[in-house]
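S.K.: below are the sequence and a predicted model; questions follow.
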Amino acid sequence: MTPPHCSQPADPRTAPFRWPTAEAAKAHDHFRTPEPQSQRQYAQQTGVPRSTLGYWARRDDPALADPLLHPDLVAFLRGSAGEAFLRRVVAAALTTFCLQGSAGLRLVTAFLQRTQLDRFVACSRGALHPLLLHLESDLAAFRGQFQPHLAGQMGPRRLTVVADEHFHGPDNCLVAIEPVSNFILVERYARRRDAGTWERAIRDGIEGMPVEAVQLTSDQAKGLLCCAEKGLAVAHSPDLFHGQRDLLSPLLLPLQRPIQEAHKDLQKAAGLTERLDVPAEQPQPGDELIALIEAVRQQVAAEKHLEELNQRKGKAIEQVRGLGDDYHPFDRHTGAPVTAQEVGVRLGGHLNRLDEVVRQAGLGHRASEAVNKCRGWVGLLIGCVGWFWGLAQARLEGLELTEEQEQAVYQKLLPGHYWEAAGGRARTSEERERLKEMAGKLQDQAWAEGGPLSGLSEGERIRLEEVARQTVGLFSRSSSCVEGRNGRLSLQHHGHSRVSQRRLEALTVIHNYVAERPDGTTAAQRFFGQKPPDVFGWLLGRLPDLPRPARKRRDTAAQTLPQPE
């Protein structure tokens, strides 16, 4: 019997050759010149078949285009300049709408149709989706190519890492951000969110960078607490918002119920007193007049009781907000340094006044337990302030400053840089302006002529400014940066049904290298200290040819309808 033989595998089919759109645009520009060559001569010179040139000429005839389009516009978009413009518009639409925003491809299609650019580039999902995938892959390639170079040129730094999880997909999404620059260090999917997983994720995120994580800020999840204590062996700072929320939640509802009841009593009393405004045709009996007078008294008493209840609720909210207002290493009114002991006195005073509100309102055991539990959380905040001052002292000792210069740094330079950054997060515009003005005055006083710091050289000044800016950046009060990022990821999930790992990497690059603050800086520029290459220009140079729209089919249904006579 003849032994079987394996058949030779067939040669893989190569993709059909297509002339780049740039060649068609170049040919179109050539034949628009005053004295163009013949198609035969141009074909011999460039190697483009004459039949292909004829097809391009017929396709580019403005008379065959949409009659609503101006012939000059058609000619421009078929030329080299128009082809480059069209590539930029499509790349910008996909990058801005789908990646930097949270829109889907349907809106990109609608944009191209409303601008009538769908006559020149295919706008169906099947045509645009490969371009979007190509952009996502190129964004990850951009980070892999340029981020190691940027990290190699930055100086050594110590930083705080703010971490949190997000649950928009089947797996946990781990997010870790450096809060000062808002640079995303970690954004990946993981099946677990324990301490070991977080430790590996953070170490991978800072690998290859001359940085050292010295503090972890979170919402006190058990995995993150264990990661800070045992995995990374760094300090942990509790998030301010979550502590305030846990404190205020058991208080708001018991304080609101009496207010609702007081509103009902006031409405009932007001309904009786409305009869006083109705003119009586006959003299009122004495009993009815006494009842009306009593109703007025009840209304006044109800209004007073309601005002007291509102003041009590407002006082509770004010004390909880006061915890955030006084949790700073510098005084928000004078800018003077505040020690950990002084911060403890201020925060403890707010808790004592809140405890008094709880006793006066008789809110019960749950509210009292929340206030007592909060005292332990406040103890952690006080420890964070003490940790900050210890770290600041160690960093300043390495600069070998005189005692007078150190005092100028403590009293003026550090609070000036701190409130320059923290003042923008104040609740009201007036407070933001006041803190900004105070920060500017403190910095001016620090570098005033004749002051202790005025004798430093230019290089020493630059170094001291950088150390001061980095030092105050280590004090982290909240995890709002990752909470905001989680909100952006939720919008992406709602807009695209799911966020793949490839898209997640692309979104990270968009956040770090593309999105800009009002001052024009990106997160990567603030983190690495230098401006990275233009991402959009780099993507545009690697974008493949745009898909051509299919030829419009004749409407056969309209042709079969009887024409009106």
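M.R.: Now that the structure is in, tell me what you want to look at.

S.K.: pLDDT (mean, whole number) over stretch 113-122?
M.R.: Along stretch 113-122, the predicted confidence averages to a pLDDT of 89.

S.K.: stretch 201-212 too?
M.R.: Mean predicted lDDT for stretch 201-212 stands at 94.

S.K.: buried residues, it. List them.
M.R.: Applying a neighbour-count criterion of 16 or more other CB atoms under 10 Å, one finds 201-202, 205-206, 209, 211 buried in stretch 201-212. C-betas here are computed from N, CA, C, even on glycine.

S.K.: check stretch 526-545 too.
M.R.: Using 16+ other CB under 10 Å as the test for burial, stretch 526-545 gives 526-528, 532, 535, 538-540, 543.

S.K.: now swap in stretch 155-167 and tell me
M.R.: Of the residues in stretch 155-167, those buried under the neighbour-count criterion (16+ other CB under 10 Å) are 157-166.

S.K.: thinking again about what came up before, and which of the buried residues of stretch 201-212 is nearest Lys313?
M.R.: Sorting the buried residues of stretch 201-212 by how near they are to Lys313, with CB to CB, puts Ile202 at the top with 41.3 Å.

S.K.: OK, contacts around the closest one?
M.R.: Under the criterion of CB atoms under 8 Å, 6 or more residues apart in numbering, the contact partners of Ile202 comprise 161, 163, 176, 185-186, 213, 227, 232.

S.K.: for it, phi and psi?
M.R.: Main-chain torsions, Ile202, degrees, to the nearest 10: phi -70, psi -40.

S.K.: for it, give its distance to Pro210.
M.R.: Between Ile202 and Pro210 the distance, using CB to CB, to the nearest Å, works out to 16 Å.

S.K.: quick one: the helices in the stretch 301-450 of the chain, in order.
M.R.: Chain-ordered helices for the stretch 301-450 of the chain, with DSSP state H, counting those that start in this stretch as the definition, fall at 340-361, 365-397, 403-408, 414-422, 429-446.

S.K.: then the stretch 151-300 of the chain?
M.R.: Using DSSP H, counting those that start in this stretch, the helices of the stretch 151-300 of the chain run over residues 195-205, 222-226, 240-273, 286-326.

S.K.: rewinding a little: now the helices of the stretch 301-450 of the chain in CSV, with mean neighbour count?
M.R.: Below are those laid out as CSV (neighbours: other CB atoms under 10 Å):
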stretch, mean neighbour count
helix 340-361, 17
helix 365-397, 16
helix 403-408, 15
helix 414-422, 22
helix 429-446, 16
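
S.K.: so which of these comes closest to Leu135?
M.R.: For the helices of the stretch 301-450 of the chain, distance to Leu135 was read as CB to CB. The smallest value, 33.7 Å, belongs to helix 414-422.

S.K.: give me the contacts around that closest one.
M.R.: Identification of contacts with helix 414-422 by CB under 8 Å, 6+ apart yields 180, 328-332, 335-337, 392, 435-436, 438-443, 445-446, 465, 468-469, 471-473, 475.

S.K.: show me what contacts Val186?
M.R.: 163, 174-176, 201-202, 204-205 are the contacts of Val186 under CB under 8 Å, 6+ apart.

S.K.: what about 7 Å?
M.R.: Each residue near Val186 by CB atoms under 7 Å, 6 or more residues apart in numbering is listed here: 174-176, 201-202, 205.

S.K.: pick the one among those closest to Ser102.
M.R.: When these are ranked by distance to Ser102 (CB to CB), Val175 comes first, at 16.5 Å.

S.K.: give me the pLDDT for that closest one.
M.R.: The predicted local distance difference test score for Val175 is 95.

S.K.: same question for Lys412.
M.R.: Taken from the predicted model, the pLDDT recorded for Lys412 is 93.

S.K.: how about it: what's its closest non-neighbour residue?
M.R.: If you skip the residues right next to it in sequence, Lys412 has Ala446 as its closest partner in space, 3.6 Å away by CB to CB, 6 or more residues apart in numbering.

S.K.: could you tell me the model confidence score at that neighbour?
M.R.: pLDDT, the model's per-residue confidence, is 92 for Ala446.

S.K.: try Glu274
M.R.: What the model reports for Glu274 is a pLDDT of 69.

S.K.: please apply the same query to Gly322.
M.R.: At Gly322 the predicted local distance difference test score is 92.

S.K.: export the contacts of Ile202 to TSV and tack on distance to Leu413?
M.R.: Listed next are the contacts of Ile202 as TSV, based on distance: CB to CB, whole Å:
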residue	distance to Leu413
Val161	25
Ala163	30
Ala176	29
Leu185	28
Val186	32
Ala213	25
Cys227	33
Leu232	30
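
S.K.: quick check, nearest of these to Thr522?
M.R.: Out of these, the one with the shortest distance to Thr522 is Leu185. That distance is 15.0 Å, counting by CB to CB.

S.K.: quick one: contacts for that closest one?
M.R.: Taking CB under 7 Å, 6+ apart as the criterion, Leu185 is in contact with 161, 176-178, 202, 205-206.

S.K.: can you check Thr52 too?
M.R.: By CB under 7 Å, 6+ apart, the contact list for Thr52 reads Trp19.

S.K.: let me know the helix or strand that it is in.
M.R.: With secondary structure defined by DSSP states H and E, Thr52 is part of helix 50-59.

S.K.: so for that helix, mean pLDDT?
M.R.: Averaged across helix 50-59, pLDDT comes to 77.

S.K.: which of the residues in it are buried?
M.R.: By neighbour count, with 16+ other CB under 10 Å as the criterion, the buried positions of helix 50-59 are 53, 56.

S.K.: from the chain's centroid, how far away is it?
M.R.: Mean C-alpha position of helix 50-59 versus that of the full chain (CA atoms, centre = their mean, to the nearest Å) differs by 50 Å.

S.K.: now the angle from the helix or strand that that helix is followed by to helix 50-59?
M.R.: Using DSSP H and E, the next helix or strand after helix 50-59 towards the C-terminus is helix 71-78. With axes from the mean of the first three to the mean of the last three CA atoms, to 10 degrees defining the directions, helix 71-78 sits at 140 degrees from helix 50-59.

S.K.: what sits up against the helix or strand just after helix 71-78?
M.R.: Beyond helix 71-78 on the C-terminal side, the first helix or strand identified by DSSP H and E is helix 80-93. The contact list for helix 80-93, computed with CB under 7 Å, 6+ apart, reads 21-22, 25-26, 29, 76-77, 108, 111, 117, 120-121, 539-540, 543, 546.

S.K.: hmm, try it at 8 Å
M.R.: Identification of contacts with helix 80-93 by CB under 8 Å, 6+ apart yields 21-22, 24-26, 28-29, 75-77, 108, 111-112, 115, 117, 120-121, 131, 135, 536, 539-540, 543, 546.

S.K.: which secondary element of the chain has the worst mean pLDDT?
M.R.: Within the chain, judged by mean pLDDT, DSSP states H and E, the helix or strand with the poorest mean is helix 556-560; its value is a mean of 49.

S.K.: neighbours around the residue lying closest to Leu363 once chain neighbours are set aside, how many?
M.R.: Sequence neighbours aside, Pro254 is the residue nearest to Leu363 in space, at 4.6 Å (criterion: CB to CB, 6+ apart). Residues near Pro254, counting by other CB atoms under 10 Å, number 16.

S.K.: and what of Thr115?
M.R.: By other CB under 10 Å, the residues close to Thr115 number 11.

S.K.: phi, psi for it please.
M.R.: Taking degrees, to the nearest 10, you get phi -90, psi 0 for the backbone angles of Thr115.

S.K.: leaving out the residues flanking it, which one is nearest to it?
M.R.: Leaving aside its sequence neighbours, Thr115 sits nearest to Val89 (CB to CB, 6+ apart; 8.0 Å).

S.K.: that neighbour and Pro130: what is the separation?
M.R.: Distance check for Val89 against Pro130: by CB to CB, it reads 17 Å.

S.K.: give me the more crowded residue out of the two.
M.R.: Between Val89 and Pro130, counting by other CB under 10 Å, Val89 is the more crowded of the two (17 against 11).
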